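[1] please work out how this folds:
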Amino acid sequence: MAMNESSNLLLGATHYSRLRPQYRHQNSLNDSVIQVIDNTYSTNRRASSVQSLQTLFSTSKPSTSISYPRLQHIIRKQVSPSGTTAASDVTLSLLKQNKVPIHTSHHRIDNLSTYSKGRTQDEDEHGISIHLSNATTASICENSEYNDKKQPIEIRVRCIFSRVGEIDTLNERYTAEIFFEASWHDESFKIGSKYDPQMGHFNPQLVVLNHIGDSLRHEKWYSINKTNEENLIEITEHHKIRGVFWERMELNHFPYDVQELSLSITTPLTQNDLCFIQNLDKPSGVNRTVFSDQQSWHLYEHVEFTCEEHREEFSLNYNETHPVVVCTCHVGRKCGYYIWNAYFLIFLITSASLCTFAIPPSNTHGRLQITCTLLLTSVTFRWVVNKSLPTISYLTALDVYAISSIVALCIINVFHGVISYIYYNQLYSATSQSPVTTNALHLSLYPEYSLCRLDRYAFFIFLTLFFLYQIFILIWTFWVPYKRRYAMSNKDEENRAKFQNKII
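    The predicted structure is shown next:
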């Protein structure tokens, strides 16, 4: 009897090894579960004899097996959202009863289940059964999570600024005509030769985000192309957008600033539905020949793409984020007008204040009158220049230069007041006392003589600091603001080289 049972076990193992390729093809269990079964069986076969197997079979209870279609039913059920929960509940209930579900109808796995159900004195077999159940549960959960994840559709975008109109720095807006394309592949093969969003076909539902008022004119049409890659159908949505667009002006380096003119495109769909990427097969760029504001701005050729996230603050679905693609071109302000009409005039007003040192210290009335007039002129001139800029909470480069000049005028004005006080104080001291020595007599006759040396030193100090400040402003201008202009020019050259390589 022992030999027969041992023969049955060996035959069961042979039957399992013969059917294992088909089992691996049909079953959705991981290879790790089968490897655990192989290792467990080989260990038990080496450690156990025919007599121990006979004793084990005689003490074990009759086992019940679950057929293979039941396992297929569980795996098919995991595709639904509640599939993972149902599989986990079945596993947990069986573990509480110290039972392990049988995952196949093969004889070898049934024998291993019989070992665990018999609750024998061998603790290793009980641990193996629990590990087998946990591995199966983990496999079902991983497959469920993989099926629940939905890959977002890639929307390849392309943007051409065909016409850029007036750029209004004061109101932070610009006018433009922009050609925008969005392309994606149809993997459902249900479109055929005609695309219609109203027939249930996928559509990204693109919306312009930064237009102003009712000035937007939006034309849209579609085209279908068949790609060479796996015969996929590429759908392209063409947009022709004309209107006034809002753009926040960064005026830290005014009038040497480089501004961004952007078009923001968003969609009511979430990031789980689609994502934006730049279309590298088709070039993007800027048409500079019809730029109407060429006297005030320099328009660069390249276009940059930035992907952002947009959240609806006053929506019930606050946790959902919507993708936003920002297409940006750059313009650099031509600063010649502001150099001659702002910087140069402020330089002349400030340098004219140094001429007051030519007036004798005794004529303090004339010195203070000139410096106060220059100070009021600088303040008035600064208010006139600021009328062409929006109301901002930070200082521009022109503001820093104008305010520093006003501060220099105030310092010179205060110095003249101090010199005037010292002069009249010495004059009072010389006239109130009778001269005893020659120096005292000379001081009483010429009270401003002792102040000429102090006035001369102050003049050279102010003159040196003034020219050092002008040199510093000149170096800063070419090091910080113009550094970005050089970067924009280099990007134009790279974009031009890529476009020529695609043509060749």
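[2] and the nearest residue to Y338 once chain neighbours are set aside, its phi and psi?
    Spatial nearest neighbour of Y338, chain neighbours left out: P255 (3.8 Å); criterion: Cβ to Cβ, 6 or more residues apart in numbering. Just so you know, the C-beta spots here come from the backbone N, C-alpha and C atoms, and that holds for glycine as well. Phi and psi for P255, reported as degrees, to the nearest 10, are phi -100, psi 20.
[3] repeat that for I160.
    Backbone torsions of I160, given as degrees, to the nearest 10, read phi -130, psi 120.
[4] state the distance from it to T321.
    I160 sits 28 Å away from T321, going by Cβ to Cβ, to the nearest Å.
[5] how about G417?
    62 Å.
[6] again, but for K483
    Taken as Cβ to Cβ, the span from K483 to T321 is 35 Å.
[7] for N203, helix, strand, or coil?
    coil (DSSP: H, G, I helix; E, B strand; the rest coil).
[8] name the nearest residue to it, sequence neighbours excluded.
    Excluding the flanking residues, the one nearest N203 by Cβ to Cβ, 6+ apart is P197, at 4.0 Å.
[9] that neighbour and Y337: what is the separation?
    From P197 to Y337 the distance is 49 Å (Cβ to Cβ).
[10] repeat for H298
    In terms of Cβ to Cβ, H298 sits 13 Å off from Y337.
[11] repeat for I224
    51 Å.
[12] Q426 too?
    50 Å.
[13] low pLDDT regions in the stretch 51-200 of the chain?
    51-150, 187-193 (pLDDT under 70).
[14] name the element T373 belongs to?
    helix 364-386 (DSSP states H and E).
[15] give the buried residues for that helix.
    Of the residues in helix 364-386, those buried by neighbour count under the rule 16 or more other Cβ atoms under 10 Å are 364, 367-368, 370-371, 374-375, 378, 381-382, 385.
[16] what's the longest helix anywhere in the chain packed up against?
    Assignment by DSSP state H gives helix 397-432 as the longest helix of the chain. On a contact count with 3 or more Cβ pairs under 8 Å, 6 or more residues apart in numbering; DSSP states H and E, helix 397-432 meets helix 344-352, helix 364-386, helix 438-445, helix 449-479.
[17] can I get these in TSV with mean pLDDT and distance to N171?
    Shown next, in TSV, are the helices and strands packed on helix 397-432 (pLDDT from 0 to 100; distance: least, Cβ to Cβ, whole Å):
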stretch	mean pLDDT	distance to N171
helix 344-352	94	26
helix 364-386	90	15
helix 438-445	58	65
helix 449-479	90	27
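[18] how about the ones you listed in CSV, adding distance to R156?
    Formatted as CSV, the helices and strands packed on helix 397-432 follow (distance: least, Cβ to Cβ, whole Å):
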stretch, distance to R156
helix 344-352, 50
helix 364-386, 44
helix 438-445, 88
helix 449-479, 39
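[19] V303 is nearest to which of the ones you listed?
    helix 449-479 (27.0 Å; Cβ to Cβ).
[20] what's the first helix or strand after that closest one?
    That would be, after helix 449-479 and using DSSP H and E, helix 481-503.
[21] can you pull the contacts of F180?
    Neighbouring residues of F180 by Cβ atoms under 8 Å, 6 or more residues apart in numbering: 157-160, 238-241, 263, 265, 327.
[22] host element of it?
    Per DSSP H and E: strand 173-186 holds F180.
[23] for that strand, buried residues please.
    173-184, 186.
[24] quick one: which of these is nearest L389?
    For those, the nearest to L389 is R173 (14.3 Å; Cβ to Cβ).
[25] any figure for the gap between the closest one and I212?
    6 Å.
[26] give me the common contacts of these two.
    Shared contacts of R173 and I212, defined by Cβ under 8 Å, 6+ apart, comprise 244-246.
[27] mind saving the C-alpha coords of stretch 158-176 as PDB?
    The C-alpha coordinates for stretch 158-176 follow below in PDB (Å, rounded to 0.1, in the frame of the first residue of the first chain):
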ATOM      1  CA  ARG A 158       3.100  72.900 -32.100                       C
ATOM      2  CA  CYS A 159       2.800  76.700 -32.100                       C
ATOM      3  CA  ILE A 160       3.600  79.400 -34.700                       C
ATOM      4  CA  PHE A 161       3.200  83.100 -33.900                       C
ATOM      5  CA  SER A 162       2.300  84.200 -37.400                       C
ATOM      6  CA  ARG A 163       1.700  87.900 -36.500                       C
ATOM      7  CA  VAL A 164       2.600  89.800 -33.400                       C
ATOM      8  CA  GLY A 165       1.000  93.300 -33.000                       C
ATOM      9  CA  GLU A 166       1.300  96.100 -30.500                       C
ATOM     10  CA  ILE A 167       2.800  95.300 -27.100                       C
ATOM     11  CA  ASP A 168       1.200  97.500 -24.400                       C
ATOM     12  CA  THR A 169       3.600  97.600 -21.400                       C
ATOM     13  CA  LEU A 170       1.400  99.900 -19.300                       C
ATOM     14  CA  ASN A 171      -1.700  97.600 -19.500                       C
ATOM     15  CA  GLU A 172       0.300  94.400 -19.700                       C
ATOM     16  CA  ARG A 173      -1.200  93.000 -22.900                       C
ATOM     17  CA  TYR A 174      -0.400  92.300 -26.500                       C
ATOM     18  CA  THR A 175      -2.200  91.500 -29.800                       C
ATOM     19  CA  ALA A 176      -1.300  88.500 -31.900                       C
END
